[in-house]
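J.: 3D model of this:
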Amino acid sequence: MRTDATPRLLVSLATYNEAGNLRPLVETIHQYAPHAEVLVIDDASPDGTGQIADALHAEGRVAHVIHRAGKLGLGTAVLAAMRYAIAERFDFLINLDADFSHPPRFIPALLAGMDRNDVMIGSRYVPGGGVEGQFGLKRKFMSTGINLYARLLLGLSTKDNSGSYRCYRVSKLARIDLDRVRSRGYSFMEEVLYHCRQVGCKMGETPILFENRRSGTSKINQMEALKALAVIARIGVERLAGGPRRLATPGPGPHRIMARNVARAK
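T.: Model prediction:
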């Protein structure tokens, strides 16, 4: 149960073909964060995930469901969650993968870190973190490589920049011009941290154990990874060159940015 003193927490789940995972995942989220409101963003899953989300909404277990016309990708789903959290004036937003690879038992640790940070990352790469089960050598190489790549090019000091298990302070997200986020695939997570750093976010990490999905199939592929490297490289070059040219013209102030983010969420 939530009291007036408890920060409003939104947990977002981007789903595509997660019919076997959604209901038990929502139940487990409420076990570790009883006050959380759950948002499901479904990309027209052909396996009936959207209908399960609607049933959970009717039961009061899911606060809101966004049905999208097709498979639009993780990045746009997280952007939609951010805009929804800003428009509805939540305090914190936590994003979880909907395949149980991000165990909800780590939610309390993420929230505890928000006392002194604006972004808390569920990290595989700090002491105590790691991966449970089989994690192929190729996938491990891709993950560790892109994290090192992002730290070097984007000036990030955090260790796990590619994982999406995070808690954000929504008032800080409202200061980011989300229309300028260019990534739509797996570079989205690194780019968002870059923009968070640009608006002065303090960032922390807490160890998590990443688990292989319980049901369904992984959606990551080599082409998406290559696209992510290209986007990070472009942002990194712009950063080293002093930012994109359009930054030379003063942009909208924070109040106008927040109004734009809210309008896009409607």
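J.: Now do the helices in the stretch 1-150 of the chain.
T.: For the stretch 1-150 of the chain, the helices defined by DSSP state H, counting those that start in this stretch cover 22-32, 49-58, 74-87, 107-113, 137-154.
J.: give me the low-pLDDT residue ranges for the stretch 101-250 of the chain?
T.: The model of the stretch 101-250 of the chain has pLDDT under 70 over residues 133-145, 212-225, 243-250.
J.: Return the set of buried residues in stretch 90-98.
T.: Neighbour-count burial for stretch 90-98, counted by 16 or more other Cβ atoms under 10 Å, picks out Phe90, Phe92, Leu93, Ile94, Asn95, Leu96, Asp97, Ala98. Heads up, the C-betas are built off the backbone N, CA and C, glycines and all.
J.: Now do the strands in the protein.
T.: 9-15, 37-42, 64-67, 92-97, 119-123, 130-132, 166-169, 203-207, 209-211 (DSSP state E).
J.: For Ile257, which of those strands is the nearest?
T.: Ile257 lies closest, by Cβ to Cβ, to one member of the strands of the chain: strand 166-169, at 15.3 Å.
J.: List the neighbouring strands of the closest one plus their orientation.
T.: strand 92-97 (antiparallel), strand 119-123 (antiparallel) (DSSP bridges).
J.: With distance to Phe188 added, can I get the strands of the chain in TSV?
T.: Listed next are those as TSV, based on distance: least, Cβ to Cβ, whole Å:
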stretch	distance to Phe188
strand 9-15	11
strand 37-42	14
strand 64-67	17
strand 92-97	11
strand 119-123	14
strand 130-132	21
strand 166-169	12
strand 203-207	16
strand 209-211	18
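J.: picking that back up, could you point out which of the helices of the stretch 1-150 of the chain sits nearest Arg180?
T.: helix 74-87 (11.1 Å).
J.: Just name whatever secondary elements that closest one is in contact with.
T.: strand 9-15, strand 37-42, strand 64-67, strand 92-97, helix 170-173, helix 188-198, helix 254-265 (3 or more Cβ pairs under 8 Å, 6 or more residues apart in numbering; DSSP states H and E).
J.: how far off helix 74-87 does the second one point, in degrees?
T.: It stands for strand 37-42. Using axes from the mean of the first three to the mean of the last three Cα atoms, to 10 degrees, the inter-axis angle of strand 37-42 relative to helix 74-87 is 140 degrees.
J.: Kindly report the same for the first one.
T.: Comparing the axes of strand 9-15 and helix 74-87 via the same axes, to 10 degrees yields an angle of 150 degrees.
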